[in-house]
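S.K.: Quick one: sequence and predicted model below, then my questions.
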Amino acid sequence: TRISLAAGPCSGKSTLSHWLVFKLKTAGYDTEFIQEEVKKSAYIGCVPNTFDQIHLLSEQIRAELHWVKSKVDAVVTESSILMNQVYAHQNLRVPIRMIAEEFEIANPGLHILIKRGDKPYRQSGRFHDFDQAKELDLQIEAALRHSLARINQLDNLKVIMYGDTEYLWECVLQWMKRDQ
């Protein structure tokens, strides 16, 4: 089972991903976590160039496939593969979207879109400021809805408010039961 969180920078993806891994493991599910690939660069201030998004996408796919093939119960990632198209250079968005959609067709997963609400913004380890992050939230939501609709998986998208762990847990448990 693949569970991917999605939203712009500093929206709570990492916090909720780690919380979710903890909950799944304590509930008896064999669960693994995949960190957002670009985060390694963000904390050292290395801004991705035009073609880095191709590398980031391939690394994310490779990491997810590793755990999917290993037959763990759940793989939680703090970055939906479908988000890559938003960060890509304009000329690369369509090919990256198509690759990500093909991956989703072959490996359908649950996508949790996080609404940041009034969560404080921390600039540390981020490429974008708060206003840019809010704009990215909108672009990511539109990209997820568009891609999942194109591949007939819109039902795989759940929207939660940051901090609503009760609803997050309910969505994940329903997905886990469906996947058994």
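M.R.: Received the coordinates, thanks.
S.K.: in the protein, what secondary structure element scores lowest on mean pLDDT?
M.R.: helix 39-42 (a mean of 70; mean pLDDT, DSSP states H and E).
S.K.: which other residues reach it?
M.R.: For helix 39-42, contacts defined as C-beta atoms under 8 Å, 6 or more residues apart in numbering pick out 14, 47-48, 52, 78, 125-127. Bear in mind the C-beta positions are built from the backbone N, C-alpha and C, glycine included.
S.K.: next structured bit after that helix?
M.R.: helix 52-69 (DSSP states H and E).
S.K.: Pull up the pairing partners for whichever helix or strand comes after that next one, direction included.
M.R.: Downstream of helix 52-69, the first helix or strand assigned by DSSP H and E is strand 74-77. Strand 74-77 sits in its sheet next to strand 2-6 (parallel), strand 31-34 (parallel), going by DSSP bridges.
S.K.: contact partners of the helix or strand containing E135?
M.R.: Here E135 is covered by helix 130-150, with elements defined by DSSP H and E. Residues from elsewhere that reach helix 130-150, judged by C-beta under 8 Å, 6+ apart: 6-11, 80, 82-83, 85-86, 97, 100-101, 104, 111, 113, 115-116, 121, 126, 128, 154, 156-157.
S.K.: in that helix, what's buried?
M.R.: Buried residues in helix 130-150, defined by neighbour count with 16 or more other C-beta atoms under 10 Å: 130, 133, 136-137, 140-141, 143-145, 147-148.
S.K.: go on, stretch 31-48?
M.R.: 31-34, 36-38, 42, 48.
S.K.: Which of the contacts of helix 39-42 has the largest number of neighbours?
M.R.: Counting neighbours by other C-beta atoms under 10 Å, E78 comes out on top of these with 22 neighbours.
S.K.: where does that one land on pLDDT?
M.R.: On pLDDT, E78 comes in at 93.
S.K.: W169 too?
M.R.: 98.
S.K.: how deep is it tucked in, by neighbour count?
M.R.: Neighbour count of W169, defined by other C-beta under 10 Å: 16.
S.K.: Which helix or which strand is home to it?
M.R.: Assigned by DSSP H and E, W169 belongs to helix 165-179.
S.K.: F33 and R116: what is the separation?
M.R.: 21 Å (C-beta to C-beta, to the nearest Å).
S.K.: picking up where we left off before, show me which of the contacts of helix 39-42 is closest to T1.
M.R.: Top of the list for closeness to T1, among the contacts of helix 39-42 and by C-beta to C-beta, is E78 at 15.8 Å.
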